[in-house]
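Colleague: Quick check, what structure comes out for this input:
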Amino acid sequence: MTKHQKRLSVPNSWPVERKTETFTVKADAGPHGEAGVPLLIVLRDVLGYVDNRKEARYALNQDNVLINGTAVSDEERPVGMFDIMAFTEREEYYRVFPGEGGRLALTPIDEESAGSKLGKIVNKQHVGGGDVQLTLHDGETLLVEEDTEYNGSDSIVVSNDGEEIVAHFPYEEGALVTAVDGAHAGEIGTIDEIQVTPGSSANNVIVEQDDGDSEASDSEGGEAAGGFETVAEYVVVIDENFTGEDSDTESESRQTESDGGDDE
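Modeller: Coordinates of the predicted model:
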């Protein structure tokens, strides 16, 4: 199996330029599926901390780069939506957040916020022993008691230490959400209406932005007035701490396009 990935076929979430080189590094199997961005791309093309794979390997061997609280040594380890990246030697902490157009960007956070990560519940099922298993968007699974109030499409905040659930954001009208895919990826608003579609078609969500009045999509553009409409699968419930709006001008979200460089 090839160790290279053609740039033209990488997912839209990858922050790489597609037409400067033919190949880029390929992500290993791991969290986030095909949407996971190899750590090397983040270190080299987004942050500019290394120039090549050799430098990345040396840096990772120092155990100073943590993802969700765990030191990482594999430069091809996938990084994806809502992961927490910590550079302990630099005392820098980032949350991977959907940027404009759906490309993953890094939002600076403080050390306390780096102790837990947000996860969207994509599956809930009963398992032996009377517990309920929750599956999050990145493939992580958690066991909770049967009578808990967590439901599909809710979001939870999970501590890096011991997988303790420290916050719960229900998926409901009035909830603050961000779109993570589709034409409105990276946009933030509140759910004005959840439209349940009969049959196998996807449910729709009308999201209100700013102070505009959300209305059903018009026949020309398919966008709601003062907001937007998208499929339910594309939205994730968040709270104000996940928007990055409190970051100062020196620590804005970092999202770049690579102008070259393969996996060497």
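Colleague: low-confidence ranges in the stretch 1-150 of the chain?
Modeller: Under the criterion pLDDT under 70, the flagged ranges of the stretch 1-150 of the chain are 1-28.
Colleague: switch the cut-off to 90
Modeller: Applying pLDDT under 90 to the stretch 1-150 of the chain picks out residues 1-38, 41-42, 44-46, 53, 76, 80, 97-107, 127-131, 145-149.
Colleague: all helices of it, in order?
Modeller: Secondary structure of the stretch 1-150 of the chain, counting by DSSP state H, counting those that start in this stretch: helices at 39-41, 53-60.
Colleague: Go through the ones you listed and name the closest to Phe169.
Modeller: Closest approach to Phe169 among the helices of the stretch 1-150 of the chain is made by helix 39-41 (27.7 Å; C-beta to C-beta). To be clear about C-beta, it is placed using only N, CA and C from the backbone, and glycine gets the same treatment.
Colleague: Ser155 against Ile121, yeah?
Modeller: Yes - counting by C-beta atoms under 8 Å, Ser155 sits close enough to Ile121 to count as a contact (7.1 Å).
Colleague: So for these two, which residue has more residues nearby?
Modeller: More neighbours sit around Ser155 than around the other of Ser155 and Ile121, counting by other C-beta atoms under 10 Å; the figures are 25 against 20.
Colleague: hang on, the earlier thing: wait, which of the helices of the stretch 1-150 of the chain is closest to Asp192?
Modeller: Nearest to Asp192, of all the helices of the stretch 1-150 of the chain, is helix 39-41, at 36.2 Å by C-beta to C-beta.
Colleague: one step back: most packed of the helices of the stretch 1-150 of the chain?
Modeller: The highest mean neighbour count among the helices of the stretch 1-150 of the chain belongs to helix 39-41 (a mean of 26), with neighbours defined as mean count of other C-beta atoms under 10 Å.
Colleague: Which strands and helices lie in contact with that helix?
Modeller: Here helix 39-41 is seen to pack against strand 23-25, helix 53-60 when contacts are counted using 3 or more C-beta pairs under 8 Å, 6 or more residues apart in numbering; DSSP states H and E.
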